[in-house]
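Novice: need a 3D model of the following:
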Amino acid sequence: EVQLVESGGGLVQAGESLSLSCTTSGFAFENWAIGWFRQAPGKERQGIGCIAIGNDDNIITHSLKGRFTISSDNAKRTVYLQMNSLKAEDTAVYFCAADPSTACPASYVYWGQGTQVTVSV
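Specialist: Got it, this is the predicted structure:
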C-alpha cells in the first residue's frame, strides 16, 4: 500500500524557516516522482516542485526559487521541503504526492493528508 505522510507544519513568524517532511512507503522510492503542492483557503492548489531521484530531476516552480528547496534522504524514504524567508502568503496546507513516473513533472496518483503551515506577520 502506497502511503505518504507529511509532517513538520506549524505556526511561524514571517521571515522564519520551516522544513516539511514527506515520509513514504509502499513503492520504489528511487524510481517514482514525488511532488510538493500547497493550497491556501479559497485558492486553487499550487504546484511547488518535484523530485525524481532516478532521473536526477529536482524542480522548483519559478516563483518560489531561491526560497524553497526540495531534497531527499533515500535511506529514510523521505522527501523534504525546506522553506526559507516565509511570508504570510505562504500560509496553506502543504501536500506531497507520488507517481510511478520516473521523471518530473508528473500526474500524481497518490497523495498525503497534508500539513498546515501558518505564517504570522
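Novice: buried set for the host helix or strand of residue 21?
Specialist: Secondary structure assigned from DSSP states H and E places residue 21 in strand 18-25. Buried residues in strand 18-25, defined by neighbour count with 16 or more other C-beta atoms under 10 Å: 18, 20-24. For glycine as for every other residue, the C-beta is placed from the backbone atoms N, C-alpha and C.
Novice: cool, and stretch 95-104?
Specialist: Buried, per 16+ other C-beta under 10 Å, within stretch 95-104: 95-99, 101-102, 104.
Novice: just flag the most distant two among those.
Specialist: 95 and 102 (21.0 Å; C-beta to C-beta).
Novice: any idea how far residue 29 is from the most centrally placed residue in the chain?
Specialist: By C-alpha atoms, centre = their mean, the chain has its centre lying nearest to residue 36, at 2.7 Å. For residue 36, the distance to residue 29 (C-beta to C-beta, to the nearest Å) stands at 15 Å.
Novice: ok, now residue 112?
Specialist: Residue 112 is 14 Å from residue 29, where distance means C-beta to C-beta.
Novice: so what's residue 101 up against?
Specialist: Residue 101 makes contact with 32-33, 52, 107, according to C-beta atoms under 8 Å, 6 or more residues apart in numbering.
Novice: make it 7 Å
Specialist: Listed by C-beta atoms under 7 Å, 6 or more residues apart in numbering, the contact set of residue 101 reads residue 33.
Novice: quick one: it from residue 52, how far?
Specialist: As defined by C-beta to C-beta, residue 101 lies at a distance of 7 Å from residue 52.
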